[in-house]
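**Student:** Fold the following.
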Amino acid sequence: MTTLIDGKAVAKQVNQATQAEVAKLVEQGVQPGIVVIIVGADPASQIYVRNKNRKAEKLGMHSIVRELPVSTTQAELLSIIAEYNADPSIHGILVQSPLPKQINEPLVTMAIDPKKDVDGFHPTNVGKLVTNFPGNYPVANTPRGIMTMLAAYDIDPAGKTAVVIGRSTIVGKPMAALLTNANATVTIAHSRTADLKAVARTADILVVATGIAHLISGADIKPGATVIDVGMDRDENGKLVGDVDFDSAQGIAGAITPVPGGVGPMTIATLMQTTVELAKWSDLGE
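**Tutor:** Next up is the predicted model:
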């Protein structure tokens, strides 16, 4: 029997806790604030940004969506980021990807104050994560949300073999770091991994984040493994599916996240959670 890891249910619990934290901070005179900067009119980005804004407002936060034309220059964007770095009412700054070709994304990431880096992508924060540095700092929201889901279902990575398929700085690499810090033995696999599916079959915890629909099937999963599907793909009929063939994985995996309703809701819930933490840490002078 495969356990369904319900990301919506876990996200609801996270959001309830976040809302309570926001109310507490507001009573103390601090309203957590987030700005999402979007350059251009990418339809998928606009939907995602709108969802973030609605959720922040619903939880009682100060939320700004800064929409910029596709012609925005690098210098103009850096100037706007500097403006929010200096704004004490803003605790989290997020620049939505993808960015137009004239914008250097790594420079944009570097320009955000690490203490306001709500995405957890700044090299300072990534370095702290990788070295398991003590103290408070933001961590990439999708991997952190996955760790929250594992904890909610009493899945302890300690001593387990984990395989992360995908090596992006958004999911794959921080996911591997978090699992390593939680005492799992971690392999990062990717498109050039020799016999990828054989590697996948070694995993007690398998995280798949490639953007390739149904890359992994039930035959590639170790019986009883926990499978976390980060994919958000469209099949030939336009249906939303994951990187894992859910139907063939059921009955083999011990636990699995569905698409949709698994990792997706946790990413936004964790983004909100991180914004509140940044506000708290800012108030403490950290």
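**Student:** For the rest of this, base every contact and every neighbour count on C-alpha atoms.
**Tutor:** Will do.
**Student:** Other residues contacting stretch 86-102?
**Tutor:** Contacts made with stretch 86-102 from outside it, assessed by C-alpha atoms under 8 Å, 6 or more residues apart in numbering, are listed as 31-40, 42, 45, 49, 62, 70, 73-74, 81, 84-85, 105, 108, 112, 115-119, 275, 278-279, 282.
**Student:** mind listing what's buried in it?
**Tutor:** Counting neighbours by 16 or more other C-alpha atoms under 10 Å, one finds that the buried residues in stretch 86-102 are 89-96, 99-100.
**Student:** For the lowest-mean-pLDDT helix or strand in the chain, name the packing helices and strands.
**Tutor:** Within the chain, confidence by mean pLDDT, DSSP states H and E is lowest for strand 233-234 among all helices and strands, at a mean of 90. Here strand 233-234 is seen to pack against strand 240-241 when contacts are counted using 3 or more C-alpha pairs under 8 Å, 6 or more residues apart in numbering; DSSP states H and E.
**Student:** Summarise which helices and strands the strand it packs on is packed against.
**Tutor:** Taking 3+ C-alpha pairs under 8 Å, 6+ apart as the contact cut, strand 240-241 packs with strand 233-234.
**Student:** ok, the strand it packs on: who's next to it in the sheet?
**Tutor:** For strand 233-234, the pairing partners within the sheet under DSSP bridges are strand 240-241 (antiparallel).
**Student:** thinking again about what came up before, give me the contact list for the least confident helix or strand of the chain.
**Tutor:** If you take C-alpha under 8 Å, 6+ apart as the criterion, strand 233-234 is touched by 211-213, 240-243.
**Student:** Would you mind listing which of those are buried?
**Tutor:** Among the contacts of strand 233-234, those buried by neighbour count (16+ other C-alpha under 10 Å) are 211-213, 241-243.
**Student:** Now distance to Gln250 and pLDDT too, for the contacts of strand 233-234, in JSON lines please.
**Tutor:** As requested, these are arranged in JSON lines below (distance: C-alpha to C-alpha, whole Å; pLDDT from 0 to 100):
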{"residue": "Gly211", "distance to Gln250": "20", "pLDDT": "94"}
{"residue": "Ile212", "distance to Gln250": "19", "pLDDT": "95"}
{"residue": "Ala213", "distance to Gln250": "16", "pLDDT": "95"}
{"residue": "Leu240", "distance to Gln250": "18", "pLDDT": "92"}
{"residue": "Val241", "distance to Gln250": "14", "pLDDT": "95"}
{"residue": "Gly242", "distance to Gln250": "13", "pLDDT": "97"}
{"residue": "Asp243", "distance to Gln250": "14", "pLDDT": "97"}
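**Student:** of those, closest to Asn183?
**Tutor:** Proximity of the contacts of strand 233-234 to Asn183 (C-alpha to C-alpha) peaks at Asp243, which lies at 25.6 Å.
**Student:** Mind checking which of the contacts of stretch 86-102 land in strands?
**Tutor:** When DSSP state E is applied, these are split such that 33-39, 62 fall in strands.
**Student:** Looking at the residues you listed, state which has the most neighbours.
**Tutor:** Neighbours here are counted as other C-alpha atoms under 10 Å. On that basis the top member of those is Ile34, with 30 neighbours.
**Student:** ok, for that one, nearest residue in space, not its chain neighbours?
**Tutor:** Gly92 (4.6 Å; C-alpha to C-alpha, 6 or more residues apart in numbering).
**Student:** how near is that neighbour to Ile221?
**Tutor:** 38 Å (C-alpha to C-alpha, to the nearest Å).
**Student:** what about Thr124, neighbour count?
**Tutor:** When neighbours are counted by other C-alpha under 10 Å, Thr124 registers 15.
**Student:** and if you look at Leu25?
**Tutor:** For Leu25, the tally of surrounding residues (other C-alpha under 10 Å) stands at 17.
**Student:** so what pLDDT did Ser45 get?
**Tutor:** Reported pLDDT at Ser45 in the predicted model: 89.
**Student:** Now do the contacts for it.
**Tutor:** Each residue near Ser45 by C-alpha under 8 Å, 6+ apart is listed here: 38, 96-98.
**Student:** and the gap between it and His62?
**Tutor:** Separation of Ser45 from His62 (C-alpha to C-alpha): 20 Å.
**Student:** Would you mind confirming that Leu68 is in contact with Ile38?
**Tutor:** Yes - with contact taken as C-alpha atoms under 8 Å, Leu68 and Ile38 are classed as touching, separated by 6.1 Å.
**Student:** Run through the stretch 101-250 of the chain and note the low-pLDDT ranges.
**Tutor:** Across the stretch 101-250 of the chain, nothing is flagged by pLDDT under 70.
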